[in-house]
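**Q** Take a look and give me a structure for this.
(4 chains)
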Protein chains: 2
Amino acid sequence: MSRREKFRQITIEEIKTLARRQMAEAGTASISLNAIARQMGISGPALYRYFESRDALITALIVDSYNALADALEATASDHAATAPAVCLMQVLLTYRRWALDHPVDFQLIFGNPIPGFAAEEGVTQPVASRVFAPILRILAEYYANGSRPLPDVSRSLPPGLTVSLPEAVRSPALPEAVIYIGVVGWYHIHGMIMLELFHHLTPIVSDMEAFYRHEVTRLLEAMNLR
Amino acid sequence: MSRREKFRQITIEEIKTLARRQMAEAGTASISLNAIARQMGISGPALYRYFESRDALITALIVDSYNALADALEATASDHAATAPAVCLMQVLLTYRRWALDHPVDFQLIFGNPIPGFAAEEGVTQPVASRVFAPILRILAEYYANGSRPLPDVSRSLPPGLTVSLPEAVRSPALPEAVIYIGVVGWYHIHGMIMLELFHHLTPIVSDMEAFYRHEVTRLLEAMNLR
DNA sequence: TAATATTAGTTATATATAATAACAAATTAT
DNA sequence: ATAATTTGTTATTATATATAACTAATATTA
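**A** Have a look, this model is predicted:
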């Protein structure tokens, strides 16, 4: 990497860091190229050498967020690779929540309403999105493949006409439909809890969200024959 | 209501209608007082006679959204008041999803990241928010009170230190903790599914979201001893 | 009814924003 | 050393929120 290229990367990182800080302080959509430039001590138009538009910057932030979440989940999964699958999965799902609470802005960029009229192209986000679920699906698949516990009955009998499958681009190891179904069910469970917590809809009702989350995930894993 | 007051209300409604249309067309945050004024054929500053700021307009829209959702749920509940509670509840929960899909912008205003740096004061939203859940909690409470089916065991044994209760302002009929717990569990289940569907995270995976939702809600009601 | 107060609009202005164009300086490649 | 590329600049366009100062229309009241 040339000297110039190196400084370019540093500048890009600085822009993204300031953008994230701005969003953390004043909300997801309060991101202003001019304000970032001012903080960097350069003119507004200079930023257009690095991101061709405000939306391009946001897209980059979204991709980074997906990758950061995936990194966190992968790290937890490998930290607990030696433990029982149910324990490992529980740790991964705890990390999922922890990351969402510690990085609310990034989590909203991924799963919330990103920004005005703005929609990141699927081609860009789908590959990184799949990184997020890979570790979880891997644990599920290995566990059930082991035969140590059977798949729950409910996962084997979907209503006629209803199928559950990963997009073609992401089907690296072919997984049984029942496993994917279980993954989707688990996903909407934790997603519902985390989203409601993040927007303060549950905090006035539930005394201890951490304990509640642990309790509900435990119930979920039991229902999935995972402990 | 005086003649002047009547026209004032009509104008306010027109502003809100155009704001909703704008958001529906270009995203939640793409709401511009100037653009609304232009469409109404008046000057920008004229709108400040009706809403003291952009945020005030958004707050009004949020309150309206809560009320519209509550109206829809109440209507469904009363339409099916004569049917079995499980059937009635299923219909209410189907309406919940239907409304979210038919009014994605309003649903995002309520449950998504509203807008930049913007946070509606709790005092304004809490009363209307409680309207949304009143019909659901009422059905649950009546049903279990009847004694026709027992409360599921899981609802009676929360981990020590974990309590679930409604905010004081909303506790008009005192409900047993187990019923509130069931309500919260049901809420995050449907919320997770609807949010993921709304932001197109499930559509590439699940072939028929309507069927999936029905199937999952049925499972939920069974787990709650409601059918 | 005539004078007064209130309301609803106007234009002008201050201050932001995103984005583009045209140009100059710095850096790199030849 | 010269030419090409990159990175910055200022100027400009178009748009946004919001306030101020003012005018016309509508209600209220003496």
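**Q** Which elements pack onto the helix or strand of chain A with the lowest mean pLDDT?
**A** Least confident helix or strand of chain A, by mean pLDDT, DSSP states H and E, is helix A:122-146 with a mean of 85. If you count contacts as 3 or more CB pairs under 8 Å, 6 or more residues apart in numbering or on different chains; DSSP states H and E, helix A:122-146 packs onto helix A:54-79, helix A:85-102, helix A:177-198. (C-beta placed from N, C-alpha, C; glycine too.)
**Q** Find the one among those with the highest mean neighbour count.
**A** helix A:177-198 (a mean of 22; mean count of other CB atoms under 10 Å in any protein chain shown).
**Q** before we move on, the earlier item: and for the least confident helix or strand of chain A, what are the contacting residues?
**A** Helix A:122-146 is contacted from outside by A:59, A:62-63, A:66-67, A:69-70, A:73-74, A:77, A:85, A:88-89, A:92-93, A:110, A:149-151, A:166-167, A:169-170, A:173, A:175-176, A:178-180, A:182-183, A:186-187, A:226, B:201, B:204, using CB atoms under 8 Å, 6 or more residues apart in numbering or on different chains.
**Q** Can you add distance to residue B:43 and give the helices and strands packed on helix A:122-146 back as TSV?
**A** Below are those laid out as TSV (distance: least, CB to CB, whole Å):
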stretch	distance to residue B:43
helix A:54-79	28
helix A:85-102	44
helix A:177-198	39
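**Q** nearest to residue A:158, of these?
**A** helix A:177-198 (6.7 Å; CB to CB).
**Q** start to end distance for stretch A:75-95?
**A** 10 Å (CA to CA, to the nearest Å).
**Q** Out of the helices and strands packed on helix A:122-146, which gets nearest to DNA strand C?
**A** Closest to DNA strand C of the helices and strands packed on helix A:122-146, according to CB to the nearest atom of the strand: helix A:54-79, at 3.6 Å.
**Q** so, in contact with chain B or not, the closest one?
**A** No. Residues of helix A:54-79 contacting chain B under CB under 8 Å from any CB of the partner chain: none, with a closest distance of 11.4 Å.
**Q** so what pLDDT did residue A:118 get?
**A** On pLDDT, residue A:118 comes in at 52.
**Q** can you check residue A:161 too?
**A** Value for residue A:161, per-residue pLDDT: 94.
**Q** pLDDT weak spots in chain A?
**A** Chain A contains residues with pLDDT under 70 at A:113-122, A:172.
**Q** Apply 80 and report the result again.
**A** A:1, A:27-30, A:112-126, A:146-148, A:169-173, A:227 (pLDDT under 80).
**Q** Output the set of residues of chain A in proximity to DNA strand C.
**A** A:2-4, A:31-35, A:38, A:44-45, A:48, A:52-55 (CB under 7 Å from any atom of the strand).
**Q** Can you flag the buried ones in those?
**A** A:31, A:33, A:54-55 (16 or more other CB atoms under 10 Å in any protein chain shown).
**Q** what's the closest of the residues of chain A next to DNA strand C to chain B?
**A** residue A:31 (8.4 Å; CB to the nearest CB).
**Q** closest to DNA strand D out of the helices and strands packed on helix A:122-146?
**A** Among the helices and strands packed on helix A:122-146, helix A:54-79 comes nearest to DNA strand D, with 12.8 Å by CB to the nearest atom of the strand.
**Q** now that closest one and helix A:85-102, what's the angle there?
**A** On the basis of axes from the mean of the first three to the mean of the last three CA atoms, to 10 degrees, helix A:54-79 is oriented at 150 degrees to helix A:85-102.
**Q** Check which helices and strands helix A:54-79 sits against.
**A** Using 3+ CB pairs under 8 Å, 6+ apart: helix A:54-79 touches helix A:3-26, helix A:85-102, helix A:104-111, helix A:122-146.
**Q** As CSV, those helices with distance to residue B:135 would be great.
**A** As requested, these are exported to CSV (distance: least, CB to CB, whole Å):
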stretch, distance to residue B:135
helix A:3-26, 36
helix A:85-102, 30
helix A:104-111, 28
helix A:122-146, 35
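**Q** between these, which one is nearest to residue B:14?
**A** Closest of these to residue B:14 is helix A:3-26, at 30.5 Å (criterion: CB to CB).
**Q** picking up where we left off before, of the residues of chain A next to DNA strand C, which is the nearest to DNA strand D?
**A** The nearest one, if we look at the residues of chain A next to DNA strand C relative to DNA strand D and count by CB to the nearest atom of the strand, is residue A:45, at 3.6 Å.
**Q** Which of the three states applies to that closest one?
**A** Assigned by DSSP: H, G, I helix; E, B strand; the rest coil, the conformation of residue A:45 is helix.
**Q** cool, residue A:29 as well?
**A** Assignment for residue A:29 (three-state DSSP): coil.
**Q** residues near it, how many?
**A** 24 (other CB atoms under 10 Å in any protein chain shown).
**Q** how near is it to DNA strand C?
**A** In this structure, residue A:29 and DNA strand C are 10 Å apart, going by CB to the nearest atom of the strand, to the nearest Å.
**Q** Am I right that that residue is in contact with residue B:30?
**A** No. Assessed by CB atoms under 8 Å, residue A:29 is found out of contact with residue B:30, at 9.5 Å.
**Q** pretty sure residue A:106 contacts residue A:71?
**A** No. Counting by CB under 8 Å, residue A:106 does not reach residue A:71; the two are 11.9 Å apart.
**Q** For residue A:206, give me phi and psi.
**A** phi -100, psi 130 (degrees, to the nearest 10).
**Q** That one: what's it in contact with?
**A** For residue A:206, the contact set (CB under 8 Å, 6+ apart) comprises A:212, B:162-164, B:184.
**Q** try it again with 10 Å
**A** Contacts here follow CB atoms under 10 Å, 6 or more residues apart in numbering or on different chains; on that basis residue A:206 touches A:193, A:196-197, A:212-213, B:158, B:162-165, B:180-181, B:184.
**Q** what would these look like in JSON lines with distance to residue A:222?
**A** Compiled in JSON lines, the contacts of residue A:206 are given as follows (distance: CB to CB, whole Å):
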{"residue": "A:193", "distance to residue A:222": "16"}
{"residue": "A:196", "distance to residue A:222": "22"}
{"residue": "A:197", "distance to residue A:222": "22"}
{"residue": "A:212", "distance to residue A:222": "16"}
{"residue": "A:213", "distance to residue A:222": "15"}
{"residue": "B:158", "distance to residue A:222": "15"}
{"residue": "B:162", "distance to residue A:222": "17"}
{"residue": "B:163", "distance to residue A:222": "22"}
{"residue": "B:164", "distance to residue A:222": "20"}
{"residue": "B:165", "distance to residue A:222": "25"}
{"residue": "B:180", "distance to residue A:222": "22"}
{"residue": "B:181", "distance to residue A:222": "17"}
{"residue": "B:184", "distance to residue A:222": "19"}
